[in-house]
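Q: return atomic coordinates for the entry below.
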Amino acid sequence: MKIIVPMAGMGKRMRPHTHTTAKPLLPIAGKPIVQRLVEDLAAVAGEPVEEVAFVVHPSFGVKVEQGLVAIAEKIGAKGSIHYQEVALGTAHAILCAESALSGRIIVAFADTLFRAQLKLDKDCDGVIWVNKVDDPRPFGVVKLDGDGIITEFVEKPQEFVSDLAIIGIYYFADGERLRKEMQYLIDNDIKEKGEYQLTNAMENMKRKGARFKAGAVDVWMDCGNKNAMVDTNTKVLGFLKDEKGLVSAKLKSTHSVVIPPCFIGDGVELVNSVVGPNVSIEAGTVIAGSVVRDSIVRGGVRVLDAVIANSMIGERAQVTGKAMDLSLSDDSTLGSP
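A: All right, here's what the predicted structure looks like:
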């Protein structure tokens, strides 16, 4: 089994945080999004994962690439790096990892997390995981027959076709077959909405006899913008609340209260503060005279005499005074010290 993770997007909806950190490397409950995704997929794959192929933008740099390879190695797999310089659609992104497109593969786009017992049905050619949504227009969707077999793929329908949205996780029994169909789109310049779409490749496969089933997830968690990230952090902390080690033994707490669930990294210092629930704080942050809830606070931050909720605060930022709902980038200063 191989896992392919397209993650070359520049994360514009997550700015200012993605000015300094690639979106899939932003943390949820103390771990990068992409690490949680890969670990979750490996846990439900049902067989050893031999390779994790990451499709990145060249601008991410060597340090990011080394971190991604380390994520793959933690699950006992080889990590490989592939480049997509220009965003030309989902099919193009996957095809950038051409050397990994053989045998059984899972494709997972790195802006979503899930909770489910994924079942890789070996009696069909693929499984596409879906979730019912209120507004399907921003998503690719599927139509099903009475046996749960997909009868049609439609990319971002503006008129109602189905409310079963594709969440960005796919299983294919034959990676080489998928590769040929995606290459056909590019060779013949077949685009939809200006891009080479994976749904078009799958539709072509279906017309040639491929059978795809729809899989369901228990919880689908988006990481597309600040509010979605904070909400996903809350949900993941809820799932992990009974695990040991969420709060570091190296926490320095003086006259402070931690209301679970929270993740607190090494060397965090709390003074006369209330933290939680649903807060993630990375290593080396100092919070004094403050209340922080429902937020993600990166490493090396200083929060003084503030009330903060529903916020993301970037690395080494400084926040002083009053109640706020923030999305503050790395190295920012807000308020007078």
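
Q: every contact and neighbour count from this point should use C-alpha atoms.
A: Fine.

Q: where does the stretch 101-250 of the chain dip in pLDDT?
A: The model of the stretch 101-250 of the chain has pLDDT under 70 over residues 116-119, 121, 223-224.

Q: need the contact list for the residue of the chain most remote from its centre.
A: Ranked by distance from the centre of the chain (CA atoms, centre = their mean), the top residue is residue 255, with 36.0 Å. By CA atoms under 8 Å, 6 or more residues apart in numbering, residue 255 lies in contact with 271, 272, 273.

Q: which residues of the stretch 1-150 of the chain fall in strands?
A: 2-6, 27-28, 31-32, 51-56, 78-83, 105-108, 112-115, 126-132, 140-144, 150-155 (DSSP state E, counting those that start in this stretch).

Q: quick one, longest strand in this structure?
A: strand 164-172 (DSSP state E).

Q: just to revisit the earlier point, and the contacts of residue 255, which are buried?
A: 271, 273 (16 or more other CA atoms under 10 Å).

Q: can I get the contacts of residue 255 in JSON lines with pLDDT, secondary structure and distance to residue 286?
A: As requested, the contacts of residue 255 are arranged in JSON lines below (pLDDT from 0 to 100; DSSP: H, G, I helix; E, B strand; the rest coil; distance: CA to CA, whole Å):
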{"residue": "271", "pLDDT": "95", "secondary structure": "strand", "distance to residue 286": "8"}
{"residue": "272", "pLDDT": "94", "secondary structure": "coil", "distance to residue 286": "11"}
{"residue": "273", "pLDDT": "95", "secondary structure": "coil", "distance to residue 286": "10"}
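
Q: who does the helix ranked longest in the chain touch, helix- and strand-wise?
A: In the chain, with assignment by DSSP state H, the single longest helix is helix 226-240. If you count contacts as 3 or more CA pairs under 8 Å, 6 or more residues apart in numbering; DSSP states H and E, helix 226-240 packs onto strand 27-28, strand 219-222, strand 279-281, strand 291-297, strand 307-313.

Q: please identify the buried residues of that helix?
A: Buried-residue list, helix 226-240, by 16+ other CA under 10 Å: 226, 227, 229, 230, 231, 232, 233, 234, 235, 236, 237, 238.

Q: ok so, going back, reformat the strands of the stretch 1-150 of the chain as TSV; add mean neighbour count.
A: Shown next, in TSV, are those (neighbours: other CA atoms under 10 Å):
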stretch	mean neighbour count
strand 2-6	27
strand 27-28	24
strand 31-32	16
strand 51-56	26
strand 78-83	20
strand 105-108	24
strand 112-115	20
strand 126-132	21
strand 140-144	21
strand 150-155	19
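
Q: name the residues that touch stretch 136-150?
A: So stretch 136-150 is contacted by 130, 151-166, 199, 211-214 (CA under 8 Å, 6+ apart).

Q: of the residues you listed, grab the buried ones for ChimeraX.
A: Selecting only the buried entries of the contacts of stretch 136-150 in ChimeraX, with 16+ other CA under 10 Å as the criterion:
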select :130,152,153,154,155,156,161,162,163,164,165,166,199,211,212,213,214
